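*Asks:* Predicted model and sequence follow; I will ask about them next.
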Amino acid sequence: MKSSGISDVLDGSLSYKAVGAIPVNQPLLNGNEQRYLNDCIETGWISSEGPYVERFEAAMAARVDRSYGVGVANGSAALDIAIASLRIQPGDEVILPSFTIISCAAAVVRSGATPVVVDCDPLTFNSTAQHYSDAITSRTKALMIVHIYGLPADMDPILALAEKHGLAVIEDAAQMHGQTYKGRPCGSFGTISTFSFYPNKLVTSGEGGMVVTNDPVLAENCRSLRNLCFDPRQRFVHEELGWNYRLTNMQAAIGLAQVEQLDETVARKREIGKQYSELLCSLSGVKLPVNRTDYAEGLYWVFSVILDDEMEMDAKAAMAALAEQKIGTRPFFWPMHMQPVFKKMGLFADISCPVAERIAKRGFYIPSGLALTTLQMQRVAAVMHKVLR
Ligand SMILES: *Cc1c(COP(=O)(O)O)cnc(C)c1O
């Protein structure tokens, strides 16, 4: 197959037949995953009681400068446990972005506390200290920070705000493995911080998640909560309700192999971001992701596209047109204050978050997985140039 350049991209001559369907994500498992997984099977350690769980916890915690890591079943479970470990309860308020995944708000709702959602910045998609500050009341107990899509939230002013009001910080770093803020790792900022290892994340274990913290009491709470709160002195006696959110040795084996390769993964994500930025920069009517801020370089967990208001097409129509050309996409998050499930609970009745509302309707992301090839990116760009003209 002849190699193709920007001219082929612009005239759209890279065909589907040449490239095949392009999924929105395909993970890359090309390190020690297979070897470690075989080890689990050969030794018979397939449950959560196997050596890879602690190795993975230690490796991930070390990577983000934390004393403790507690592996759990997924990133949503990590948020449930993080909230519960802080003893957040009915009457408390937790402030979080409206523009995020439902796991964040669900964890607060299930704790019995009240979620308070705020808008976000139109360029980084992250909520800022100002957003949080405007929502603080005498009942606020914690701020939940979520780093969205590629750039971390501007942490220093947020941490100062939390400090000033004596609030806990829950940092959801599920999209930020390997990302830094002013040189410090994402996942190192919260009173407690969480990760997901779903296959579209920068570290995957198939399904999986982790909480990390420097606080030994919180770490112990989390270990107990993920394991049904068995009483260590008297098994099958429970002082508290927990979950079975354990991570298996097999998941941890894959996760460990993935952490070992995180530097390469981050470099590859940034390379994908750079290539797409070059291929798509001449496309008018769309906003590409911000490449850097004064505190971080874009990580491009996903490569996002926002259609300008002047474009007749909305994200839904653009995604349908791309799907017709066998190119996978995903819509942006649908804001929490617009979720039917929360409306039915009477939550967020008078909330408006104009930025979140706008980007939810105008934004989507294109294939951004680690297994993506240059040819596939060129094909995606060619179709984008044709479809979004
Ligand atoms: C993926 C993700 C989660 C949920 O993780 P799961 O492992 O899918 O449960 C939570 N928060 C954010 C920001 C995510 O991106």
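*Replies:* Looks like it came in fine. Residues are numbered from 1 along each chain as shown.
*Asks:* low-scoring pLDDT stretches of this structure, where are they?
*Replies:* 1-13 (pLDDT under 70).
*Asks:* Just want the residue of it that's nearest the ligand.
*Replies:* Proximity to the ligand, evaluated over the chain using CB to the nearest ligand atom, is greatest for residue 75 at 2.4 Å. Where C-beta positions appear, they are placed from N, C-alpha and C, glycine not excepted.
*Asks:* residues in contact with that residue?
*Replies:* 103, 172, 174, 194, 195, 196, 197, 198, 201, 208, 209 (CB atoms under 8 Å, 6 or more residues apart in numbering).
*Asks:* burial of the closest residue to it other than its chain neighbours, as a residue count?
*Replies:* Distance criterion CB to CB, 6 or more residues apart in numbering; nearest residue to residue 75, sequence neighbours excluded, is residue 196 at 2.4 Å. Counted with other CB atoms under 10 Å, residues neighbouring residue 196 total 28.
*Asks:* right, and residue 196 touches residue 78 too?
*Replies:* Yes. Shown here, residue 196 and residue 78 form a contact pair, counting by CB atoms under 8 Å, at 6.9 Å.
*Asks:* where do the contact lists of those two overlap?
*Replies:* 174, 209.
*Asks:* just to revisit the earlier point, of the contacts of residue 75, closest to residue 47?
*Replies:* Nearest to residue 47 among these, counting by CB to CB, is residue 208 at 14.2 Å.
*Asks:* Around the closest one, count how many other residues there are.
*Replies:* Residue 208 has 28 neighbouring residues, counting by other CB under 10 Å.
*Asks:* same question, residue 145
*Replies:* Around residue 145 there are 29 other residues, counting by other CB under 10 Å.
*Asks:* element containing it, please.
*Replies:* Using DSSP states H and E, residue 145 sits within strand 140-146.
*Asks:* Pull out the buried residues from stretch 290-310.
*Replies:* For stretch 290-310, a neighbour-count test (16 or more other CB atoms under 10 Å) marks 290, 293, 295-296, 298-307 as buried.
*Asks:* Contact residues of the chain facing the ligand?
*Replies:* Proximity of the chain to the ligand (CB under 6 Å from any ligand atom) is limited to residues 74-76, 100-101, 103-104, 146, 172, 174-175, 196, 198, 209.
*Asks:* Can you tell me which of those is nearest residue 26?
*Replies:* For these, with residue 26 as the reference and CB to CB as the criterion, the closest is residue 198, at 13.3 Å.
*Asks:* The closest one in helix, strand or coil?
*Replies:* Assigned with DSSP: H, G, I helix; E, B strand; the rest coil, residue 198 falls in the coil class.
*Asks:* For it, grab the count of nearby residues.
*Replies:* Neighbour count of residue 198, defined by other CB under 10 Å: 19.
*Asks:* For the protein, which segments count as strands?
*Replies:* In the chain, strands defined by DSSP state E lie at 68-72, 93-97, 114-118, 140-146, 168-172, 180-181, 184-185, 192-196, 209-213, 286-287, 303-307, 330-331, 363-366, listed in chain order.
*Asks:* want to try CSV for those strands, with distance to residue 47 as columns?
*Replies:* Listed next are the strands of the chain as CSV, based on distance: least, CB to CB, whole Å:
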stretch, distance to residue 47
strand 68-72, 13
strand 93-97, 33
strand 114-118, 34
strand 140-146, 31
strand 168-172, 27
strand 180-181, 35
strand 184-185, 30
strand 192-196, 21
strand 209-213, 17
strand 286-287, 47
strand 303-307, 38
strand 330-331, 33
strand 363-366, 36
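*Asks:* and among those strands, the most buried is which?
*Replies:* Among the strands of the chain, strand 209-213 has the highest mean neighbour count (mean count of other CB atoms under 10 Å), at a mean of 31.
*Asks:* With adjacent residues omitted, what lies nearest to residue 300?
*Replies:* Spatially, and ignoring its direct neighbours in sequence, residue 300 is nearest to residue 273 (3.2 Å; CB to CB, 6+ apart).
*Asks:* Fine by me, thanks again.
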